[in-house]
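**Student:** Sequence first, predicted model second:
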Amino acid sequence: MTITAYTDASICPTTRVGTCGFMAYAGVKLKKSVVTIFGGCRKVNYLEMVAISDALQYCFLQKGVERIIIFTDQLYVANKVKKVRKSEIGKEIFEIVEIIQQHGIEVEIKYIKSHKGNLRHNIVDRMCKSQLKKYINERKQKAGSKAA
């Protein structure tokens, strides 16, 4: 079985709050969708790598998986994740891919243009942005109610 996952990340530059997430599919069936919220974020590339790491780990644990394809809209990440081991998350992704491949599972990380009509990627993009906006609005409301 091939599992495809689409990753995305979003950051609010004002609050430095960010989200990253993935949606994993087996054929046409949605298997899992996840969004995680982070504080103190500065680079969307880092969050995209977190999403890739999370997606790889989830896909690896699925029964009968023979191939994992991860789609990311961050060209830098798609190119560098295969080569660069500078960051901790980059090292983690390399280690995860090696472990998965040792189990005979093929792994591909591919670049996909954002906002170019790929429905699955557009959904994960909206999911991350929506959760980010919701979280920031909730924080503003809580701050406003404490001030009153």
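**Tutor:** Perfect, thanks for sending it. Numbers count the residues shown, from 1 in each chain.

**Student:** what comes up buried for the helix or strand Ile3 falls within?
**Tutor:** Element membership of Ile3 [criterion: DSSP states H and E] is strand 2-12. The neighbour-count check on strand 2-12 (16 or more other Cβ atoms under 10 Å) flags Ile3, Thr4, Ala5, Tyr6, Thr7, Asp8, Ala9, Ser10, Ile11 as buried. Bear in mind the C-beta positions are built from the backbone N, C-alpha and C, glycine included.

**Student:** Give me the distance from the longest helix seen in the chain to the chain's centre.
**Tutor:** Determined from DSSP state H, the single longest helix within the chain is helix 119-147. Distance of helix 119-147 from the chain centroid (Cα atoms, centre = their mean, to the nearest Å) equals 16 Å.

**Student:** Over to stretch 17-29?
**Tutor:** For stretch 17-29, the distance to the chain centre is 7 Å (Cα atoms, centre = their mean).

**Student:** Now that stretch - C-alpha only, PDB.
**Tutor:** Extracted C-alpha coordinates of stretch 17-29, given in PDB (Å, rounded to 0.1, in the frame of the first residue of the first chain):
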ATOM      1  CA  VAL A  17       2.700  31.700  16.600                       C
ATOM      2  CA  GLY A  18       2.800  29.000  13.900                       C
ATOM      3  CA  THR A  19       1.000  25.900  12.900                       C
ATOM      4  CA  CYS A  20       2.100  22.900  10.900                       C
ATOM      5  CA  GLY A  21       0.200  19.800   9.800                       C
ATOM      6  CA  PHE A  22      -0.300  17.000   7.500                       C
ATOM      7  CA  MET A  23      -3.100  14.900   5.900                       C
ATOM      8  CA  ALA A  24      -2.300  11.300   5.000                       C
ATOM      9  CA  TYR A  25      -4.200   9.300   2.400                       C
ATOM     10  CA  ALA A  26      -4.300   5.600   1.400                       C
ATOM     11  CA  GLY A  27      -5.600   5.900  -2.100                       C
ATOM     12  CA  VAL A  28      -8.600   8.100  -1.900                       C
ATOM     13  CA  LYS A  29      -9.300   7.400   1.800                       C
END
